[in-house]
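S.K.: Have a look at this prediction, sequence included:
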Amino acid sequence: MSRIALLTKTTPRFDDDNYLRFGRLLSTSNEVSLVNFDSLQLRNNQIWGQQLSWQDYFQPGGEMPMSDVGPIEHDLVWTLSLGDRSSFLDKYQLLYALSKQTTVINSPSAIMHLKSKYYLATRPDQFPQPETHASSSANALSQLIRHKGGKWIVKPPAGSLGRDVFLVSPRDTNLNAILEHMCGTDKTRYAMIQRYVPEIEAGEKRVLLAGGRIIGQYRRLSTIDHRTNVSQGASIENCELTVEERNYCSQLAEELLDEGVYFSGIDLAWPWLIETNVVNPGGIITLQTLTGQDRTEDVLSAILESLKPKGLRLSFKAETVL
């Protein structure tokens, strides 16, 4: 029996999130632990963390019990949360050290760089991005926008869930105030500006990739403002991928697998790749809402199959549908 650690966040009650769905299935054939990512620590020469051994009564809405601290000596470690941002660098370094002792998915390198919009912007052939600039100088970014004209999206380079995302133009009277807010009064934070692409007005397609292949997709449409994040009120609907989109996603899924990305969600406003999520991509629950199908087993099957070349022979028992 293999030991699997799912690195996640601790909340008062269990959420209907990926960690709970994966844990339920993986526990049928493996010893599964939920490890609080924010609790990672070094004890002598070992990485430790607060751990919960998987129990059958773990269900959405249930109260999360107290955890014990212990060494992380698992056969597979799966990062499904980055926890508190202020301690990310320390936790990342602990995770990197852990990756030298066991298999970690997604890889620390992928978490650091493929989540980064900087890396994507410098690889236009692989990741077709709108024109992008980033700086800790609000004045420099303001001058770029005023010089180039047109609409721009202002956002944090490492943000998520649509927070602090603004649509601006050179004529906006609050342009400088927005950029100064993003960069901070002490100019120690970076802000990113990206050319607004009108293709996004037709919606943004979230495509789930696992184990080097496409799992499914849906469309997100903004309903309140320019943001297409479901957490910000966007609507969702079924959609298909065009031939071009499917060919691109199939190729990208294989390329990402080579970089240690076993599970990801990418956002397309074709011909643009808007975003990649390589930590804990949402989409499984949304696809189930739209189609009535739970794709958790498909995601796990694809990932476990792709882990075989690493010598990991993991399995789970499929759930019986009544």
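M.R.: Happy to help now that I have it.
S.K.: Relative to the whole chain's centre, how far out is stretch 50-68?
M.R.: Distance of stretch 50-68 from the chain centroid (C-alpha atoms, centre = their mean, to the nearest Å) equals 23 Å.
S.K.: could you check the distance from residue 38 over to residue 283?
M.R.: Separation of residue 38 from residue 283 (C-beta to C-beta, to the nearest Å) stands at 24 Å. C-beta: built from backbone N, CA, C; applies to glycine.
S.K.: the more surrounded of the two?
M.R.: Each of residue 38 and residue 283 has its neighbours counted (other C-beta atoms under 10 Å); residue 283 has more, 24 against 19.
S.K.: And the pLDDT for the more buried one?
M.R.: pLDDT for residue 283: 94.
S.K.: What of residue 196?
M.R.: 95.
S.K.: Any chance of the backbone angles for it?
M.R.: Per-residue torsions, residue 196: phi -70, psi 130 (degrees, to the nearest 10).
S.K.: isn't it right up against residue 145?
M.R.: No. Applying C-beta atoms under 8 Å as the test, residue 196 and residue 145 come out as separate, 10.8 Å apart.
S.K.: what residues are shared contacts of the two?
M.R.: residue 152 (C-beta atoms under 8 Å, 6 or more residues apart in numbering).
S.K.: Between the two, point out the one with more neighbours.
M.R.: Applying other C-beta under 10 Å to residue 196 and residue 145 shows that residue 145 carries more neighbours, namely 21 against 18.
S.K.: pretty sure that one belongs to a helix, no?
M.R.: Yes. Counting by DSSP: H, G, I helix; E, B strand; the rest coil, residue 145 is located in a helix.
S.K.: I'd assumed residue 167 was in contact with it.
M.R.: No. Here residue 145 does not reach residue 167: they are 11.6 Å apart, not a contact under C-beta under 8 Å.
S.K.: Nearest spatial neighbour of residue 270, chain-adjacent residues omitted?
M.R.: residue 245 (5.5 Å; C-beta to C-beta, 6 or more residues apart in numbering).
S.K.: Show the pLDDT at the one you found.
M.R.: Note on residue 245: pLDDT of 98.
S.K.: Now do the SS call for residue 300.
M.R.: Following three-state DSSP, we place residue 300 in the helix state.
S.K.: Hmm, it is touching residue 317, no?
M.R.: No. Contact between residue 300 and residue 317 fails when scored by C-beta under 8 Å: they sit 11.0 Å apart.
S.K.: Neighbour count for these two, which is higher?
M.R.: Using other C-beta under 10 Å, the more surrounded residue of residue 300 and residue 317 is residue 300, with 21 against 11.
S.K.: ok, which stretches of the stretch 1-150 of the chain are strands?
M.R.: For the stretch 1-150 of the chain, the strands defined by DSSP state E, counting those that start in this stretch occupy 3-8, 31-36, 41-43, 46-53, 68-71, 76-79, 103-105, 132-135.
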